[in-house]
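1. need a 3D model of the sequence below.
(chains A and B)
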Amino acid sequence: MIRFENVGLRYGMGPEILQDLTFQIEPQSFQFLTGPSGAGKTSLIRLLFMSLRPTRGLIKVFNRDLSVIEKQELPKLRRKIGVVFQDFRLLDHLTTYENVALPLRVVGKNESDYRSDVIDLLKWVGLGDRMHVLPPVLSGGEKQRAAIARALITRPEVLLADEPTGNVDPPLARRLLRLFIELNKLGTSVVIATHDIALLEQVDARRMVLAEGRLSIFD
Amino acid sequence: MAQTDNNDKNQAPAVDIGRPKRPLRGKRPRKKPAPKTKKQEQGDDAKLRPAAAIVPPQSVAGRALTLVVAIMSFLACLTVGAVSIVWDAADAWQNDLVREITIQIRPTEGVDMLREIDKAVALAQEFPGIASVRAMSDAETKALLEPWLGEGLQLDGLPVPRLIQITVGDPAVLNLAQLRNSVSQQVTGASVDDHSIWTSRLSAMAGAVVAGGFAIMVLVLGSMVLSVVFATQSAMAGNKDVVSVLHFVGAEDSFIAREFQRHFLLLGLKGGVSGGVAAILCFVLVDLLTRQGSGQASSDQLSALFGTMSVSLPGYFGVFAVVFLVAILTALTSGLAVKAHLAKVD
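-> Numbering: from 1, shown residues only, chains lettered A, B, ... in the order given. Okay, the predicted model is just below:
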């Protein structure tokens, strides 16, 4: 699905912060991306999401070489990947419902076609009674679930979550984790970037550990 | 495939994401919600805002830009109105001149002037396109010369040229060159003056006014376009987060540009229409004032120059065209500015 070969990344003329990354995200796989703060987890997530281009190496996304993909083609590829950011990135002037429906609106779907899907998904993540509320009114956990719902609404093939439990208490973190596992069972590949050891210990999954710009994989 | 290590293992139900029937287990224990009545369901739907703007309108551009667009539109409309007034006046003068031709007969030794006048009148009357031919009487000629030569003038004793005034019925039918040839050949000492020098000067002046008006309009609209470019760039910078979110949910650049463009089209329409309405009010006011002040020296001079100071129908059409142009230009400019901005962002 997504393949990295000897990928390196540096910002400007600075040192290489990611070095020789070689790995593959298999279909329907579940993996944690972990490592100390500042190890480059978010940069790696951005590479996976094609919002950064590597300074060297090969990245193939859905069998397409990233170096030859035209900028105009990126939106279509990005629609196959759902992303949950640590800071949620919800639009504060849109309600929870509108935020979650956003990926469907940008592809030009009619509101009447997706309304029930969005409402069902919001109920599924426990936000059924918060769908008309603006994000500033939501709690951290609710925002996180809204962000997750927005990433899932298009049924992506890959879900990338950057510190998805960073802003929530341990019981909610466990619930969110179960949500990701459930998704994975339904066929979505999941990559969770976290440095929450407690979270890692709850699931027996592949671990990709970033340290000093290099990646070690423990299957 | 992942497996949970704790007690929650395998507790998550295999539900279809699109059509979930029940919440995940392990969630916060909640009371089973009472079944919603039909009214409540309708209430839920009513709260949905399907057309909520993705780019918040208040973040795009404030009243200042609307005011700038309104002022620019007002100035452009005023220019159109002024050009229309001058054009109409020049057209009226030109028409008057084109419809008037004079035959001048200079006195020649041994030639009977009155006979030559009759000959010229008869000749002119035969030409197609001529409405009327009238030889100026002695009294009229005297009146014309009076300011220079004083009263009590005896025309017989002076070599005064005589004039024949011709009114043209249809300038398109009249063959002026032929008339000029015939008159100069058949009437001794006669020449035809068609005021072409004046008409060419008038049309040159009217052309210069129109060109000047057009240049002013281009400058005004150009500065409006630049203001919109700056405003779009600042709106993009202010909505950086929105643009980034739209990018990662898979929005194409054209979609993002459309979202911004929509606001600017509305803004352009608002500004353009207010500027246009203000200009029309100005035209009506000036027209009323000149009509009311007729009889006073200053307004009589204006009337003598421009006829009535009222903007004609094509002038008002011009104002509508300017308003339309302002709205379209605003939207197009902002769309292009957004695309140019997005092209720089990877």
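
2. where along the stretch 201-346 of chain B do the helices fall?
-> Remark: helices assigned in the stretch 201-346 of chain B by DSSP state H, counting those that start in this stretch are B:240-248, B:253-292, B:297-306, B:313-344.

3. burial of the closest residue to A:S37 other than its chain neighbours, as a residue count?
-> If the residues on either side of it in the chain are set aside, A:S37 comes closest to A:H195, at 6.3 Å by CB to CB, 6 or more residues apart in numbering or on different chains. In short, each C-beta sits where N, CA and C put it, glycine included. A:H195 has 17 neighbours, counted by other CB atoms under 10 Å in any protein chain shown.

4. re earlier: least confident of the helices of the stretch 201-346 of chain B, on average?
-> Among the helices of the stretch 201-346 of chain B, helix B:297-306 has the lowest mean pLDDT, at a mean of 62.

5. confidence score at the residue in the stretch 51-200 of chain B positioned nearest to chain A?
-> Taking CB to the nearest CB, chain A has its nearest neighbour within the stretch 51-200 of chain B at B:P56, 4.4 Å off. Per-residue pLDDT puts B:P56 at 78.

6. re earlier: export the helices of the stretch 201-346 of chain B as a markdown table, with columns for mean neighbour count.
-> What follows is the helices of the stretch 201-346 of chain B, written out as a markdown table (neighbours: other CB atoms under 10 Å in any protein chain shown):
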| stretch | mean neighbour count |
| --- | --- |
| helix B:240-248 | 19 |
| helix B:253-292 | 19 |
| helix B:297-306 | 12 |
| helix B:313-344 | 19 |
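
7. that's a helix at the residue nearest to A:S37, yeah?
-> No. Assigned with DSSP: H, G, I helix; E, B strand; the rest coil, A:H195 falls outside any helix and is coil.

8. helix or strand for the nearest residue to A:L18 once chain neighbours are set aside, just tell me which one.
-> With CB to CB, 6+ apart as the criterion, A:L18 has its nearest non-adjacent residue at 4.1 Å, and that residue is A:L9. A:L9 is part of strand A:2-10, with elements assigned from DSSP states H and E.

9. tell me the contacts of the most centrally placed residue in chain A?
-> In chain A, the residue lying closest to the centroid (CA atoms, centre = their mean) is A:L160, at 2.0 Å. Contacts here follow CB atoms under 8 Å, 6 or more residues apart in numbering or on different chains; on that basis A:L160 touches A:45, A:48-49, A:81-84, A:191, A:193.

10. remind me what the lowest-mean-pLDDT helix or strand in chain A packs against, helices and strands.
-> Across the helices and strands of chain A, mean confidence by mean pLDDT, DSSP states H and E is lowest for helix A:197-202: a mean of 82. Here helix A:197-202 touches strand A:30-34, helix A:170-185, going by 3 or more CB pairs under 8 Å, 6 or more residues apart in numbering or on different chains; DSSP states H and E.

11. ok, now with 7 Å
-> helix A:170-185 (3 or more CB pairs under 7 Å, 6 or more residues apart in numbering or on different chains; DSSP states H and E).

12. is the helix it packs on anywhere near chain B?
-> Yes. With CB under 7 Å from any CB of the partner chain as the measure, helix A:170-185 is seen reaching chain B through A:174-175, A:178-179, A:181-182, A:184-185.

13. ok so, going back, element containing the residue nearest to the centre of chain A, please.
-> strand A:158-162.

14. each with direction, which strands does that strand pair with?
-> In the sheet, strand A:158-162 lines up against strand A:81-84 (parallel), strand A:189-193 (parallel) (DSSP bridges).

15. returning to what we had before: contact partners for the residue nearest to A:L18?
-> For A:L9, the contact set (CB atoms under 7 Å, 6 or more residues apart in numbering or on different chains) comprises A:16-18, A:43, A:47, A:52, A:54-55.

16. and the pLDDT for B:Q40?
-> 46.

17. no wait, B:D91
-> B:D91 carries a pLDDT value of 78.

18. ok, now which ones touch the nearest residue to it once chain neighbours are set aside?
-> Excluding its sequence neighbours, the residue lying closest to B:D91 (CB to CB, 6+ apart) is B:A206, at 7.4 Å. Residues near B:A206 by CB under 7 Å, 6+ apart: B:86-87, B:90.

19. cool, and A:L183?
-> Counting by CB under 7 Å, 6+ apart, the residues that A:L183 touches are A:152, A:159, A:190.

20. great, nothing more from me.
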